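1. What shape does this take:
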Amino acid sequence: MADRDGIWSRGGAPVEELPDPFELDGHYQDVQPELPLPKPRPRRRRWVIGLYLFSGLFAITLAWLIVTAPLSRALEPLADPALLLVSADGHAIARRGALKEAPVDVDKLNPLTPAAFVSIEDRRFYHHWGIDPRGIGRAIVANARGGGVRQGGSTITQQLAKTSFLSGDRTIKRKAQEVIIAFWLEAWLTKKEILSRYLSSVYFGDGVYGLRAASHHYFNREPENLNLAQSAMLAGMVQAPSRLAPTNHLAAAQARARLVLQTMAETRAITPQRARATVPARPVGQQLHIPSGTYFADWVTPSANQAFDADFGEVKVRTTLDWDLQRLAVRAVGRAPTDAQVALVAMRPDGEVVAMVGGKNYQESPFNRAVQAQRQPGSAFKLFVYLAAMRAGWTPDSLIDDEPITIDGWTPVNSDRIYRGKITLREAFARSSNAATVRLSEAVGRGNVIRAARDLGITAPLPDKPSLALGTAQVSLLELTSAYAAIMSGQFPIAARGLPDQPEEGIGSFFKPGGSLNRQRDQAPMLDLLYAAANDGTGRRAALAIPTFGKTGTTQENRDALFLGFAGDLVVGVWVGKDDNTSLGKVSGGTLPAQIWHNFMASAVAIDHRRGPALPAEFHVPQRRQDESKSPLPDDWSDATKDLRNVADWIDGLVGG
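-> Okay, here's the model as predicted:
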């Protein structure tokens, strides 16, 4: 490089004057020079990528199974144990849930028992690795020839995978999962272990899972002692347990058992001669029939499931139901002279339900009208209006105007269309005066009426309207009966329950909601009102020879009729109505419901022999005059005056509240 060259010169010339290296012939190139294209790489085949993806998913699934899916799942009890519900005195009343007993070990079984299952369900069980291509092909051919699904291609391992880890959905995804889990089971377990788990968990119909439970249920013997005919029948049931259960479909079960014997001969488990000579089994040793569902059982089962942990076999659950009282309740409802529905619930003052009938016939309608039906209580709701008044300082002797009243354009009407001017609260409650009750509700405030209902355990929505006082909100009979139990016991709220009470322990018991009624201000006056209604008022047909307390209820157009009350140590609610909510005609709370209540209680109190909680000292049962207990009719009253008596009964029914 010359000495005169620097960073700003080249060959003695300034860099500014040098030609542009990107310019050709004084013009810019519009197009870049072409570069040599890279050599094309060989394209991976799609099946290779798919194989990698499948392998990755397979590895992930296996890892998931190892971590989350215990191999012993098939040997565990069902999540919801089988329950045998018994009454308080030990009578079986219902059986609920599926039954599964302790697992079986194929090494301890008669060799013909597992052979029967293998021959009909998976004859190549000992020669495949979870899936059987031959079996799948044979099933396809058999189904094509038979014009329908005659055989299945699933192996015993696949069936174990499905029943223990997967749902019963018939999808390609579920089938792929089943195959992967089957491979995993084959890798981790021996054939005997797989077969033992399968036999311990497969479904056999009649709510029975596992070979041990099935052996006891159908043949009353241990699975280790099953004979050839019994083993063949049980093996045949697995294909369609409900359709092949011998308790209901004996002919179909025996025909299927003959097919199992034939397949056992084909697999050389037995000889053809023995297969032909074996007489099909019959179910034996069946237990006495126990209803699988009653109204009370439907109601108490969820609580029983939560109270007991999963276990093998049948869990005996003692309930609060009284066997004798329940029979009386069923009889009282069944004999009710009406084509309408009737519900009855009886409980102790502390909430223990001792009898429950949710309708006239459980087989025809299992809908529990004592618990599930939400209907208007009518005048039975007035209990909360008068309790709010007692809390506000009113007394049974306080006066209230029984005159027409209009609020926001609405005018309540007394059922007998009679208005008596100033009357005591006792008379207003006993006569079930609508006008006086609405006026009282407005005086004490609807908010206080709602609060009284909430305190006594009413959880249903309660609209803040004038008509609330007359029971236009919808509640269940069970909840309403519990509220009346609070008046009897003096404690609130009373929670209805079907299992024996387990007292709370620890700090939680100090924060338990509820309280006590003021015996002088609240409980004694309310007993006064309830006594007047049940003995001198609209509910007098319910009166017993012992102190009786209660209130009638009749809704608009006589769609619902109720009587709720207590005597002795029982609180009982009766509802009569129609499921389509149509009118009952002339039936009111003071007629048929009060009569049903009386019929049940007259017998119940006689056999119960239990005294209720002590009445507050401030309440005294009114002394009835001698002439009040004697019939005003002459001793020689004869059938000649029967028509007159019918008219008297009809008039009596009209004024029933």
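
2. mind listing what's buried in stretch 340-354?
-> 340-354 (16 or more other C-beta atoms under 10 Å). Bear in mind the C-beta positions are built from the backbone N, C-alpha and C, glycine included.

3. same check, this time on stretch 211-231
-> Across stretch 211-231, burial judged by 16+ other C-beta under 10 Å covers 211-219, 223, 226, 228-231.

4. which ones among these are found in helices?
-> Using DSSP state H, 211-214, 228-231 are the members of the buried residues of stretch 211-231 that sit in helices.

5. Those: which two are farthest apart?
-> 213 and 228 (20.4 Å; C-beta to C-beta).

6. right, and residue 450 touches residue 473 too?
-> No. Look at residue 450 against residue 473 with C-beta atoms under 8 Å: they stay out of range, at 9.4 Å.

7. Quickly list what's touching both of those two.
-> Residues touching both residue 450 and residue 473 by C-beta atoms under 8 Å, 6 or more residues apart in numbering: residue 462.

8. Would you list the phi and psi of the closest residue to residue 570 other than its chain neighbours?
-> Sequence neighbours aside, residue 346 is the residue nearest to residue 570 in space, at 5.5 Å (criterion: C-beta to C-beta, 6 or more residues apart in numbering). Main-chain torsions, residue 346, degrees, to the nearest 10: phi -120, psi 140.

9. can you pull the contacts of residue 346?
-> Residues counted as contacts of residue 346 (C-beta under 8 Å, 6+ apart) are 325, 329, 353-356, 570-572, 600, 604.

10. Repeat the analysis, applying 6 Å as the threshold.
-> 354-355, 570, 572 (C-beta atoms under 6 Å, 6 or more residues apart in numbering).

11. Kindly provide the distance from residue 529 to residue 585.
-> Residue 529 is 29 Å from residue 585, where distance means C-beta to C-beta, to the nearest Å.

12. Next: residue 347.
-> Residue 347 is 30 Å from residue 585, by C-beta to C-beta.

13. Run through the strands of the stretch 401-550 of the chain in chain order.
-> Applying DSSP state E, counting those that start in this stretch to the stretch 401-550 of the chain gives strands spanning 421-424, 491-492, 515-516, 549-554.

14. Lowest average confidence across these, which one?
-> Among the strands of the stretch 401-550 of the chain, strand 515-516 has the lowest mean pLDDT, at a mean of 94.

15. List the neighbouring strands of that strand plus their orientation.
-> strand 491-492 (antiparallel) (DSSP bridges).

16. can you list contacts of the strand it pairs with?
-> 455-456, 486, 514, 516.

17. Likewise for stretch 316-335?
-> Counting by C-beta under 6 Å, 6+ apart, 83-89, 91, 296, 300, 304, 342, 344, 352-355, 357, 498, 596, 599-600, 603-604, 607 sit against stretch 316-335.

18. still on that earlier bit, just the strands of the stretch 401-550 of the chain: most buried one?
-> strand 549-554 (a mean of 31; mean count of other C-beta atoms under 10 Å).

19. chain center to that strand: distance?
-> Mean C-alpha position of strand 549-554 versus that of the full chain (C-alpha atoms, centre = their mean, to the nearest Å) differs by 30 Å.

20. Off-centre distance for the helix or strand following it?
-> Reading on from strand 549-554 to the C-terminus, the next helix or strand found by DSSP states H and E is strand 560-567. In terms of C-alpha atoms, centre = their mean, the centre of strand 560-567 is found 26 Å from the chain centre.

21. Which SSE is immediately downstream of strand 560-567?
-> Next element after strand 560-567 (DSSP H and E): strand 570-577.

22. From the contacts of residue 346, list the buried ones, please.
-> 354-355, 570, 572.

23. circling back: compare residue 529 and residue 585 and say which is more crowded by neighbours.
-> A side-by-side neighbour count of residue 529 and residue 585, using other C-beta atoms under 10 Å, places residue 529 first with 27 against 10.

24. Contacts only, for that one.
-> 386, 396, 429.

25. how about a cut-off of 10 Å?
-> 382-383, 386-387, 389-390, 396, 424-430, 487, 537, 549, 551 (C-beta atoms under 10 Å, 6 or more residues apart in numbering).

26. Spatially nearest residue to it, not counting backbone neighbours?
-> Per C-beta to C-beta, 6+ apart, closest to residue 529 is residue 429, 4.3 Å.

27. returning to what we had before: closest one to residue 315 among the strands of the stretch 401-550 of the chain?
-> Closest approach to residue 315 among these is made by strand 491-492 (31.4 Å; C-beta to C-beta).

28. The stretch 251-400 of the chain: helices as residue ranges?
-> Ranges of helices in the stretch 251-400 of the chain, per DSSP state H, counting those that start in this stretch, are 272-277, 295-307, 323-334, 382-391.

29. Closest to residue 369 out of the buried residues of stretch 340-354?
-> residue 343 (4.0 Å).

30. these two touch, right, that closest one and residue 480?
-> No. Here residue 343 does not reach residue 480: they are 11.1 Å apart, not a contact under C-beta atoms under 10 Å.

31. Can you tell me how far residue 398 is from residue 95?
-> Computed as C-beta to C-beta, the residue 398 to residue 95 distance reads 55 Å.

32. Apologies, that question was intended for residue 225.
-> 25 Å.

33. For residue 368, list the residues it contacts.
-> For residue 368, the contacting residues are 294-296, 298-299, 343, 345, 356-359, 362, 476-478, by C-beta under 10 Å, 6+ apart.

34. which one of the contacts of strand 491-492 has the most neighbours?
-> Result: residue 486 is most packed of those (other C-beta under 10 Å), 25 neighbours.

35. was I right about that one contacting residue 351?
-> Yes. The pair residue 486 / residue 351 is scored as a contact, 9.2 Å apart, by C-beta under 10 Å.

36. sorry, back to before: closest to residue 461 out of the strands of the stretch 401-550 of the chain?
-> strand 549-554 (18.3 Å).

37. what packs against that closest one?
-> The contact analysis (3 or more C-beta pairs under 10 Å, 6 or more residues apart in numbering; DSSP states H and E) places strand 549-554 against helix 382-391, helix 477-489, helix 524-535, strand 560-567, strand 570-577, helix 592-608.

38. quick one: that strand to helix 592-608, angle?
-> 150 degrees (axes from the mean of the first three to the mean of the last three C-alpha atoms, to 10 degrees).

39. Excluding residues flanking it in the chain, which one is nearest residue 337?
-> Per C-beta to C-beta, 6+ apart, closest to residue 337 is residue 592, 7.5 Å.

40. Residue 541 versus that neighbour, what's the distance?
-> Residue 592 is 9 Å from residue 541, by C-beta to C-beta.

41. more crowded one of these two?
-> Higher neighbour count among residue 592 and residue 541: residue 592, with 24 against 21, using other C-beta under 10 Å.

42. starting at the chain centroid, how far to the strand or helix carrying residue 85?
-> Per DSSP H and E: residue 85 is located in strand 82-86. Strand 82-86 has its C-alpha centroid displaced from the chain centroid by 15 Å (C-alpha atoms, centre = their mean).

43. ok, now which ones touch residue 231?
-> The neighbourhood of residue 231, defined by C-beta under 10 Å, 6+ apart, consists of 109-117, 211, 215, 219, 223, 257, 260-261, 264, 281.

44. if we go to 6 Å?
-> By C-beta under 6 Å, 6+ apart, the neighbours of residue 231 are 112-113, 116.
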